[in-house]
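[1] here are the coordinates; sequence isn't available:
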Ligand SMILES: Nc1ncnc2c1ncn2[C@@H]1O[C@H](COP(=O)(O)OP(=O)(O)O)[C@@H](O)[C@H]1O
Ligand SMILES: [Mg+2]
């Protein structure tokens, strides 16, 4: 489902402040697997996740995701591929605090020209799944941290993605909420979805549902 071949991401190439954030990384994740990218802060986890997530393009190497070689696609098609196949839970959630739960969750579907009725049905389904039905009309800023986390998951799943990516998803959660999140992700994995989580939280990488751990150091995967 995900195949990264000798991929590198260099920021500020050729300048004094050049950073080799991802350095010739090769990795595979099969359909339905849960993988964790583990490593110290600054080791390149987020940069690697943005390559897999079709948010940024590698400086060199190849990225194959959900049947397409995205490293060779023009930007517009890369974005379309992302909207169709990938859901992303960002570290800071990236929710719009002054919009309602319903509006936030439905947001990724607006560029897809879908009918309001269909969007509303999908939102209902996911809010029920995330135990958020009663919060539908609340503004996101009125919710607790755990509820905001679940809104971010619901939004990431709204396009019914084959691949779910999560960047440090437990950074703002206590132990109980972290365990709850991992149970939710395990349930999502059962729908044959492929999950990649960047995290240095032992409650995440020691979870029994994790199939693979990639250890990153200075932009390289040093161990699988
Ligand atoms: N947009 C950017 N421009 C320049 N340097 C960046 C950018 N994003 C990340 N970096 C640098 O790349 C390295 C890897 O960062 P990152 O991928 O965020 O690692 P992690 O998620 O493991 O903390 C760091 O040295 C960071 O400062
Ligand atoms: Mg990061």
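    On my side now, so go ahead. All of these numbers come straight from a predicted model, not from anything done at the bench. Ligands and ions are numbered 1, 2, ... in the order given.
[2] is the host helix or strand of residue 25 in proximity to ligand 2?
    Assigned by DSSP states H and E, residue 25 belongs to strand 19-29. No. Shown here: strand 19-29 not in contact with ligand 2 (CB under 5 Å from the ion), separated by at least 10.0 Å. From N, CA and C alone the C-beta is placed, and that goes for glycine too.
[3] quick one: buried residues of that strand?
    By neighbour count, with 16 or more other CB atoms under 10 Å as the criterion, the buried positions of strand 19-29 are 20, 21, 22, 23, 25, 27, 29.
[4] anything in it near ligand 1?
    Yes. Against ligand 1, strand 19-29 shows contacts by CB under 6 Å from any ligand atom at 19, 21.
[5] same thing with stretch 49-57?
    No. Residues of stretch 49-57 contacting ligand 1 under CB under 6 Å from any ligand atom: none, with a closest distance of 7.6 Å.
[6] what sits up against that stretch?
    Identification of contacts with stretch 49-57 by CB atoms under 8 Å, 6 or more residues apart in numbering yields 2, 4, 7, 9, 22, 37, 47, 58, 63, 65, 70-71, 75, 78-79, 81-82, 86, 88, 163, 165, 167, 196, 198.
[7] tell me which of these fall in strands.
    Counted as lying in strands by DSSP state E, out of the contacts of stretch 49-57, are 2, 4, 7, 9, 22, 37, 63, 65, 86, 88, 163, 165, 167, 196, 198.
[8] per-residue confidence averaged over the top helix by length along the chain?
    Secondary structure of the chain per DSSP state H: the longest helix is helix 175-190. Averaging pLDDT along helix 175-190 yields 90.
[9] buried stuff in it?
    So for helix 175-190, counting by 16+ other CB under 10 Å, buried means 177, 178, 180, 181, 182, 184, 185, 188, 189.
[10] about what we covered before: got the angle between the strand holding residue 25 and strand 163-167?
    Strand 19-29 runs at 140 degrees relative to strand 163-167, counting by axes from the mean of the first three to the mean of the last three CA atoms, to 10 degrees.
[11] ok, residues contacting strand 19-29?
    Contacts of strand 19-29 (CB under 8 Å, 6+ apart): 1-12, 35, 44, 47-48, 51, 58, 61, 194, 196, 212, 214, 216, 218-221, 224.
[12] what's the PyMOL line that selects buried ones from those?
    Here is the PyMOL command that selects the buried residues among these (16+ other CB under 10 Å):
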select buried, resi 1+2+3+4+5+7+8+9+10+35+44+47+48+51+58+61+194+196+212+214+216+219+220+221
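[13] tell me who's in contact with the closest residue to ligand 2 within the chain.
    For the chain and ligand 2, the shortest gap (CB to the ion) falls at residue 46, measuring 3.2 Å. By CB under 8 Å, 6+ apart, the residues touching residue 46 are 91, 167, 198.
[14] now residue 171
    91, 201.
[15] partners of the residue nearest the centre of the chain in the sheet?
    Centrality entry for the chain: nearest residue to the mean C-alpha point is residue 165, 2.1 Å, by CA atoms, centre = their mean. For residue 165, the beta-bridge partners under DSSP bridges are residue 88, residue 196.
[16] phi, psi of the residue lying closest to residue 212 once chain neighbours are set aside?
    Closest residue to residue 212 apart from its sequence neighbours, by CB to CB, 6 or more residues apart in numbering: residue 35 at 4.2 Å. Phi and psi for residue 35, reported as degrees, to the nearest 10, are phi -120, psi 150.
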